[in-house]
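*Asks:* Need coordinates for the below:
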Amino acid sequence: MKRNKLLSIILLIAVVCGTTTAVYGEGNNNNPPEPNIYEKREINIINNGRDSSIQRDQLPEEQLGLTFEERELTESDLLEGELFQVSVIETNTITTKSDQLGLFSTEDIEIRRQIEDIGSEQSDYDIVLVLIVAVVFIILLMFVIIIPKLKPAPPPKKVKKA
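*Replies:* Model (predicted):
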């Protein structure tokens, strides 16, 4: 029994190590490969196939008169645009005081993010390591416990009747 387990473990190691070997074949260096020859071709790009089938004609004079021109912006339109682009002044006393004291500065946030990044990288490495150990443990468990139990039981001995 122990011999079979030892033999199966050795066979497993041999299979795992044997799959990583490289095999080099003999090469025929008499005929070196020829390089590709590229020729310049004209490229026709069609964005939409339906557009190419439509025949385009000049617009009639009635439709040319219907084109719209953008009106020039007045001073009130320009002022209105500027009013809505200006940021809102903070009137909340808590936010203005925190800005004056520098309580929530961006430097603190950047340092915290760097610390969190280092922690997340370490946790990713730990998760991968735990998964690899779990897979190896499950494979060993199969070879040691489950596969030997799958062997057929020996036939029962016949009792001779006297």
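
*Asks:* Can you list the neighbours in contact with the helix or strand that contains residue 77?
*Replies:* Secondary structure from DSSP states H and E places residue 77 in helix 75-85. When contacts are defined by CB atoms under 8 Å, 6 or more residues apart in numbering, helix 75-85 is touched by residues residue 73. Heads up, the C-betas are built off the backbone N, CA and C, glycines and all.

*Asks:* ok, now stretch 145-154?
*Replies:* Among residues not part of stretch 145-154, those counted as contacts by CB under 8 Å, 6+ apart are 1, 4-5, 8.

*Asks:* can you pull out the helices in the protein?
*Replies:* Ranges of helices in the chain, per DSSP state H, are 2-18, 49-53, 61-64, 75-85, 93-101, 106-141, 147-149.

*Asks:* comparing those helices, which gets the lowest mean pLDDT score?
*Replies:* Among the helices of the chain, helix 49-53 carries the lowest mean pLDDT, at a mean of 63.

*Asks:* What's the separation between residue 137 and residue 146?
*Replies:* Residue 137 is 13 Å from residue 146, where distance means CB to CB, to the nearest Å.

*Asks:* How about residue 4?
*Replies:* 14 Å.

*Asks:* Put together a markdown table for the helices of the chain, with distance to residue 36 and mean neighbour count on each row.
*Replies:* Shown next, in a markdown table, are the helices of the chain (distance: least, CB to CB, whole Å; neighbours: other CB atoms under 10 Å):
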| stretch | distance to residue 36 | mean neighbour count |
| --- | --- | --- |
| helix 2-18 | 38 | 10 |
| helix 49-53 | 31 | 8 |
| helix 61-64 | 53 | 8 |
| helix 75-85 | 56 | 9 |
| helix 93-101 | 64 | 10 |
| helix 106-141 | 42 | 10 |
| helix 147-149 | 53 | 10 |
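
*Asks:* want to throw these into a markdown table with distance to residue 33?
*Replies:* As requested, those are exported to a markdown table (distance: least, CB to CB, whole Å):
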| stretch | distance to residue 33 |
| --- | --- |
| helix 2-18 | 32 |
| helix 49-53 | 39 |
| helix 61-64 | 62 |
| helix 75-85 | 63 |
| helix 93-101 | 68 |
| helix 106-141 | 41 |
| helix 147-149 | 49 |
